[in-house]
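# Make a model of this:
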Amino acid sequence: MEQQQDKTAARGRNLRVIAVTSGKGGVGKSNLTANLAVQAARMGHRVLVIDADLGLANVEILMGLSPRYHLGHVLEGMPLMEVVTQGPLGVKVLPGGSGLQALTRLDDQQKLRLTAALDAVEDQFDMVLIDSGAGIGENVVFFVGAAQQVLLVVSPEPTSLTDAYAAIKVLSTSARVETFNVVVNSAPGDAHAREIYQRLCTVTARFLTVKLQFSGWVPADENVHRAVMAQRTVSELFPMSPASRAMLKLADKLLSEPSPQQFGGGLKFLWSRLLRDSSATAA
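Model prediction:
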């Protein structure tokens, strides 16, 4: 029994909780999440994807899944692992549900139920990827603030940078996120991607005290569209395509870095900490 507890504690310490977010929709955030999950699973990691774009879930569609249950059922008391759906390469997916207005704004009791449900299964995973909603809503602040790392997805569109700055401003203040790992999606090349990143750094440095890091870029690739239409990830369907290779490089970079331990205590601590902070702010 003691040996099993030691293993569980070690897994908890090594658990990676990564939120993938964006300032606006349409930049490929959910697609990036799905592909990172597949690439991490291919590398031997036990992965859980939480589709936290509640009421507007996309991950299940991108993976070609037809889940019977969704996160709303967890909030009603169903055991989380009965709700989780099997995805490609062993990836587990907690569906967010589509067209469900009741899930678009979780109250404190719902957040507590979700905290308890996740705490019960955290030792079963090495990586948790949270596909947050786009923008700066309350659910986004809650889920992103509970992560150890934040991937901010931007695109070459000018509006993407404007909205990304707004997201950084809100998340750094409301969720106390200090570091944002920036990924430029659908970029025409490395130089262009780095230019976009530098532009975001310039405007951020003028007004905010946060740290931005360039995590990588994903090229514009027609194979991504083909994979979406087939309801498969490009990493599965076209593993040698430029986008798939870029996703693999990004996953390898994330997993080769030391696991962030700034919060410690696993999922329960992360969510409980944020819930406590949000409650104190409301008071």
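
# Within the helices and strands, which one has residue 191?
Taking DSSP states H and E as the definition, residue 191 sits inside helix 190-207.

# and the next element down the chain from that helix?
strand 211-219.

# Tell me which strands that next one pairs with, and in which orientation.
strand 179-187 (parallel) (DSSP bridges).

# For the helix holding residue 191, which residues meet the burial criterion?
By 16 or more other CB atoms under 10 Å, the buried positions in helix 190-207 come out as 193, 196, 197, 200, 204. Just so you know, the C-beta spots here come from the backbone N, C-alpha and C atoms, and that holds for glycine as well.

# State the distance from the last one to residue 247.
Distance, residue 204 to residue 247, using CB to CB, to the nearest Å: 25 Å.

# do the second one as well
Taking CB to CB as the measure, residue 196 falls 18 Å from residue 247.

# next one: the first one
For residue 193, the distance to residue 247 equals 14 Å [CB to CB].

# Flag the shaky bits of this structure, pLDDT-wise.
For the chain, the stretches flagged by pLDDT under 70 are 1-13, 55, 98-104, 259-283.

# Show me the strands in it, by range?
Assigned by DSSP state E, the chain shows strands spanning 16-21, 47-52, 85-86, 92-94, 127-132, 149-154, 179-187, 211-219.

# May I see those strands organised as JSON lines, with mean neighbour count and distance to residue 170 added?
Formatted as JSON lines, these follow (neighbours: other CB atoms under 10 Å; distance: least, CB to CB, whole Å):
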{"stretch": "strand 16-21", "mean neighbour count": "25", "distance to residue 170": "11"}
{"stretch": "strand 47-52", "mean neighbour count": "28", "distance to residue 170": "16"}
{"stretch": "strand 85-86", "mean neighbour count": "16", "distance to residue 170": "31"}
{"stretch": "strand 92-94", "mean neighbour count": "25", "distance to residue 170": "25"}
{"stretch": "strand 127-132", "mean neighbour count": "27", "distance to residue 170": "12"}
{"stretch": "strand 149-154", "mean neighbour count": "25", "distance to residue 170": "12"}
{"stretch": "strand 179-187", "mean neighbour count": "23", "distance to residue 170": "12"}
{"stretch": "strand 211-219", "mean neighbour count": "19", "distance to residue 170": "15"}
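
# Tell me which of the ones you listed approaches residue 241 most closely.
Within the strands of the chain, the stretch nearest residue 241 is strand 211-219; the backing value is 9.1 Å (CB to CB).

# relative to strand 149-154, how tilted is the closest one?
In terms of direction (axes from the mean of the first three to the mean of the last three CA atoms, to 10 degrees), strand 211-219 departs from strand 149-154 by 50 degrees.

# From the rest of the structure, what touches strand 211-219?
With contacts defined as CB atoms under 8 Å, 6 or more residues apart in numbering, strand 211-219 is touched by 28, 32, 151, 168, 178-190, 193-194, 197, 200-201, 204, 242-243, 246-247, 249-250, 253-254.

# who's in contact with residue 129?
18, 20, 33, 36, 37, 40, 47, 48, 49, 50.

# Would you point out the most distant pair within those residues?
Spatially, the most separated pair among the contacts of residue 129 is 40 and 50, at 14.2 Å (CB to CB).
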